[in-house]
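Undergrad: Structure for the following, please:
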Amino acid sequence: FKDALKGADLPFAFGEEVFWDGADEEIPEGTVGRVLMIHAEDRDVEVLFETDEGAKVFTFGWDRLTAASAIALSAVELAAKFKAEAAEENAEDLSKPAFISLV
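TA: Next up is the predicted model:
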């Protein structure tokens, strides 16, 4: 089975942190889960989430999940864009800071 997955184009790695695109009482919005198993044949992913009742495994279609690293990268890219725009706006006026800090 592992050999069959070697060439497969999987959207997540085993153990990768992911977000579900939905929310409910058991998995509130923004809850991070960890990929336990990927079923390439039906495009499902088993994800471990910590709930109020303890750790639980939920199965989702992989199109309903987003890698946490993708969201973090988007935030870094956004910060870089803001810094570049601020530097461009303030390039002529040296009395203003060249960039803003989002942290």
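
Undergrad: State the phi and psi torsions of the residue found closest to Glu26 once you drop the neighbours it is linked to in the chain.
TA: Nearest residue to Glu26, sequence neighbours excluded (Cβ to Cβ, 6 or more residues apart in numbering): Thr51, at 5.1 Å. C-beta coordinates here come from the backbone N, C-alpha and C atoms, glycine included. The phi and psi torsions at Thr51 (degrees, to the nearest 10) take the values phi -120, psi 180.

Undergrad: which residues of the protein score low on pLDDT?
TA: Scanning the chain for pLDDT under 70 picks out 1-8, 72-76, 90-103.

Undergrad: can you give me the strands for it?
TA: 17-20, 32-39, 44-51, 54-61, 65-67 (DSSP state E).

Undergrad: Show me what counts as buried in the longest helix anywhere in the chain.
TA: Criterion DSSP state H: the longest helix present in the chain is helix 68-89. Residues Ala86 are the ones in helix 68-89 that count as buried (16 or more other Cβ atoms under 10 Å).

Undergrad: Now mean neighbour count and distance to Leu78 too, for the strands of the chain, in a markdown table please.
TA: Output for those, formatted as a markdown table (neighbours: other Cβ atoms under 10 Å; distance: least, Cβ to Cβ, whole Å):
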| stretch | mean neighbour count | distance to Leu78 |
| --- | --- | --- |
| strand 17-20 | 20 | 17 |
| strand 32-39 | 17 | 20 |
| strand 44-51 | 18 | 26 |
| strand 54-61 | 12 | 26 |
| strand 65-67 | 17 | 16 |
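
Undergrad: Assess the claim that the residue nearest to Glu26 and Asp24 are in contact.
TA: No - judged on Cβ atoms under 8 Å, Thr51 makes no contact with Asp24 at a distance of 10.3 Å.

Undergrad: which residues do the two both contact?
TA: Common contacts of Thr51 and Asp24, defined by Cβ atoms under 8 Å, 6 or more residues apart in numbering, are absent altogether.

Undergrad: picking that back up, against which helices or strands is the longest helix of the chain packed?
TA: Using 3 or more Cβ pairs under 8 Å, 6 or more residues apart in numbering; DSSP states H and E, the elements in contact with helix 68-89 are strand 17-20.

Undergrad: Right, I'll call it a day here.
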